[in-house]
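A.B. asks: mind looking at a prediction? Sequence and model below.
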Amino acid sequence: MRLYLIRHGRPTGVWGGGDDDPGLDDLGRDQAAQAARALIALPAEHRPSIVVSSPLRRCRETAQPLADALGVPIEIDPRVGEIPTPAGLSAAERPAWLRGALDGGWGEIQGDIDYEGWRQGVAGALAARAGAAVFSHFVAINAAVSVITGDGRVIGFRPDHASITTLALEGERLRLIARGDEARTGIL
């Protein structure tokens, strides 16, 4: 059974930019439409039948064209959301913290949260979603891929906006079929 992990389209803003939950800009909306067309064009046996999204607006807006095309609701799952920010860290401090977290391994992330547990939770949420297109975030996608591949780095690849990473669910085990397109832009 196939499963697709899609990074949200390009948002109108970035973390620390004044909007904690930005939607998509014009290019992001085009990227969302392109991703939906690519998923709808798949052979019927591989086409997703469920649409799952992070609670954040940029993911919901990226998921909407596919949900509309399939005639299904978007199921919101916070487990595929953005990496949690340590308590007490302001929105202005988050970009610097995130840059530091991205440079190392999962066990090296500083904060009051069990990031290894969060990473495993992302993969577990995906394993429960056979046949789904899951709209998520740069770090969450890397979390899932790192669990699947055994790579302990926080960043194993740089999924571009609206890129589609293809997974297979074999029993309860996820397998990476293909990484999505690599980013041509930064995440911050």
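C.D. replies: Nice, thanks for sending it over. Residues are numbered from 1 along each chain as shown.

A.B. asks: give the residue spans of this structure that score low on pLDDT.
C.D. replies: 14-19, 184-188 (pLDDT under 70).

A.B. asks: can you pull out the strands in it?
C.D. replies: For the chain, applying DSSP state E gives strands covering 2-7, 50-53, 74-76, 132-136, 164-170, 173-178.

A.B. asks: residue 86: which of those is closest?
C.D. replies: Evaluated with CB to CB, the strands of the chain place strand 132-136 nearest to residue 86, the distance being 20.4 Å. All C-beta spots, glycine's among them, are computed from the backbone N, C-alpha and C.

A.B. asks: what packs against that closest one?
C.D. replies: Strand 132-136 is packed against strand 2-7, strand 50-53, helix 57-70, helix 115-127, with contacts defined by 3 or more CB pairs under 8 Å, 6 or more residues apart in numbering; DSSP states H and E.

A.B. asks: mind running it again at 6 Å?
C.D. replies: Where contact means 3 or more CB pairs under 6 Å, 6 or more residues apart in numbering; DSSP states H and E, strand 132-136 is packed against strand 2-7, strand 50-53, helix 57-70.

A.B. asks: quick one: which of those is nearest residue 20?
C.D. replies: helix 57-70 (9.7 Å).

A.B. asks: hmm, who's touching that closest one?
C.D. replies: 8-9, 11, 21, 23-24, 32-33, 36, 39-40, 51, 53, 74, 133, 135 (CB atoms under 6 Å, 6 or more residues apart in numbering).

A.B. asks: pull the number of nearby residues for the residue lying closest to residue 153 once chain neighbours are set aside.
C.D. replies: Of all residues not flanking residue 153 in the chain, residue 105 sits nearest, at 5.7 Å (CB to CB, 6 or more residues apart in numbering). Counted with other CB atoms under 10 Å, the neighbours of residue 105 add up to 15.

A.B. asks: wait, residue 105 sits on residue 156?
C.D. replies: No - with contacts counted by CB atoms under 6 Å, residue 105 stays clear of residue 156, the gap being 10.6 Å.

A.B. asks: please identify the most buried of the helices and strands packed on strand 132-136.
C.D. replies: Looking across the helices and strands packed on strand 132-136 with neighbours counted as mean count of other CB atoms under 10 Å, the highest average goes to strand 2-7: a mean of 26.

A.B. asks: what pairs with that one, and is each one parallel or antiparallel?
C.D. replies: strand 132-136 (parallel), strand 164-170 (antiparallel) (DSSP bridges).
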